[in-house]
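Engineer: Sequence and predicted model, in that order:
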Amino acid sequence: MSKLYKSLVVAILLTGVLASCKGKVEETYVLTSLKNAASGDVVSIGFKYSFDSPNVIGAANNVALVREGNRIEFFIGDGLEAKLKGVEGKQFAMATRKYFTPYIHFVVDYLMSGSDTIMVGEPSGVKLPLLRPEAQFTAPEEYVVVDLNKITSSALTLKEIADKKFKVENAKLVAEQVPGPNGTETKLVLKLKNVGFAIEEMNDAMGAVMKALVKENKPFNGGVSYGAVPRGDRAMREKLNIGGDVKIGYIIFGGNAIMIQI
């Protein structure tokens, strides 16, 4: 049986699943691999594809990253992160539509697990990051090289990076308690040799990328910017060994330079 014939048979079955869940036929999605869907090797009318229990490596609000081997693609959907938690640990199908701009990505229409169908749909206001192949990327000149091994939570050393953009190589990302307006709160922290920096609020796409780095235990390689040396509870900052906040400018991940869009 050819791959195309198999895909069409499964698509018919998936249509039947939607009919039984919702009382009528809504859509027909071709079940295939992420590689075949992204490359167009499998034909689908309306570019509708479904995926069987895709490997979601990171999700933040309306954006998720899905990995298949070395291929990583962006998926977007209204409240996608929360709805994926509803099928966590279960076998499920993800029904999507393929879009081509600003590059190939997928909008999630439904999540289906057993007899349950979770409506997702297209979100508003999502900004996908800029992508450039790693081999073709050169960091902007404003990102300078700093001797990060000398930086600690001491204000004296933090002055060396005040109001600077700088490169970071092979740092670790972890979720830790950091000083907040009401005591401490949990944030993603960029760990250098002698100090950590809390990641400032990101858009959904970059948040999904950061969570993917944590889940896959990948090092952070990229560029960040640091503002003024923080004032306030110095004792708490030094106890937690946090040097303040940084903003992410770009990350090298999955063979691409990923640049944030605000």
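Structural biologist: That came in fine, so what should we check first? Residues are numbered from 1 along each chain as shown.
Engineer: was I right about residue 227 contacting residue 161?
Structural biologist: No: the pair residue 227 / residue 161 is not scored as a contact, 9.6 Å apart, by C-beta atoms under 8 Å. Yep, even glycine has a C-beta here, placed from its N, CA and C like the rest.
Engineer: What are the boundaries of the helices in the stretch 101-250 of the chain?
Structural biologist: 155-158, 204-215, 234-240 (DSSP state H, counting those that start in this stretch).
Engineer: These into CSV, with extra columns for mean pLDDT?
Structural biologist: What follows is those, written out as CSV (pLDDT from 0 to 100):
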stretch, mean pLDDT
helix 155-158, 90
helix 204-215, 94
helix 234-240, 76
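Engineer: Most tightly packed of the ones you listed?
Structural biologist: For the helices of the stretch 101-250 of the chain, the largest average neighbour count (mean count of other C-beta atoms under 10 Å) is found in helix 204-215, namely a mean of 22.
Engineer: what residues does that helix touch?
Structural biologist: 57-65, 67, 72, 74, 126-129, 173-175, 188, 199, 202, 218-220, 248, 251, 253, 258, 260-261 (C-beta atoms under 8 Å, 6 or more residues apart in numbering).
Engineer: Out of these, which end up buried?
Structural biologist: Listed as buried from the contacts of helix 204-215 are 57-65, 67, 72, 74, 126, 128-129, 173, 188, 199, 202, 218, 220, 248, 251, 253, 258, 260; burial here means 16 or more other C-beta atoms under 10 Å.
Engineer: Show me the shaky parts of the stretch 51-200 of the chain.
Structural biologist: Within the stretch 51-200 of the chain, the ranges that satisfy pLDDT under 70 run 181-182.
Engineer: Return the subset of the buried ones among the contacts of helix 204-215 lying in strands.
Structural biologist: Members of those lying in strands (criterion: DSSP state E): 57-60, 63-65, 67, 72, 74, 173, 188, 199, 220, 248, 251, 253, 258.
Engineer: one step back: could the helices of the stretch 101-250 of the chain go into CSV alongside distance to residue 136?
Structural biologist: Shown next, in CSV, are those (distance: least, C-beta to C-beta, whole Å):
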stretch, distance to residue 136
helix 155-158, 34
helix 204-215, 19
helix 234-240, 39
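Engineer: of all the ones you listed, which lies closest to residue 118?
Structural biologist: helix 204-215 (18.6 Å; C-beta to C-beta).
Engineer: what angle do that closest one and strand 63-68 make?
Structural biologist: For helix 204-215 against strand 63-68, the angle between stretch directions is 50 degrees (axes from the mean of the first three to the mean of the last three C-alpha atoms, to 10 degrees).
Engineer: Model confidence for the closest residue in space to residue 48 that isn't next to it in sequence, exactly?
Structural biologist: Sequence neighbours aside, residue 29 is the residue nearest to residue 48 in space, at 4.5 Å (criterion: C-beta to C-beta, 6 or more residues apart in numbering). Looking at residue 29, its pLDDT stands at 93.
Engineer: Once you drop chain neighbours, what's closest to residue 108?
Structural biologist: Distances taken as C-beta to C-beta, 6+ apart place residue 77 nearest to residue 108, at 3.5 Å, with adjacent residues excluded.
Engineer: what does residue 188 give?
Structural biologist: Closest residue to residue 188 apart from its sequence neighbours, by C-beta to C-beta, 6+ apart: residue 199 at 4.5 Å.
Engineer: Isn't the one you found up against residue 186?
Structural biologist: No: counting by C-beta under 8 Å, residue 186 is not a contact partner of residue 199; they are 11.5 Å apart.
Engineer: Need the three-state assignment for residue 37.
Structural biologist: helix (DSSP: H, G, I helix; E, B strand; the rest coil).
Engineer: element containing the closest residue to it other than its chain neighbours?
Structural biologist: Sequence neighbours aside, residue 49 is the residue nearest to residue 37 in space, at 4.2 Å (criterion: C-beta to C-beta, 6+ apart). Using DSSP states H and E, residue 49 sits within strand 48-52.
Engineer: now that strand: how far from the chain's centre is it?
Structural biologist: From the chain centre to the centre of strand 48-52 is a distance of 20 Å (C-alpha atoms, centre = their mean, to the nearest Å).
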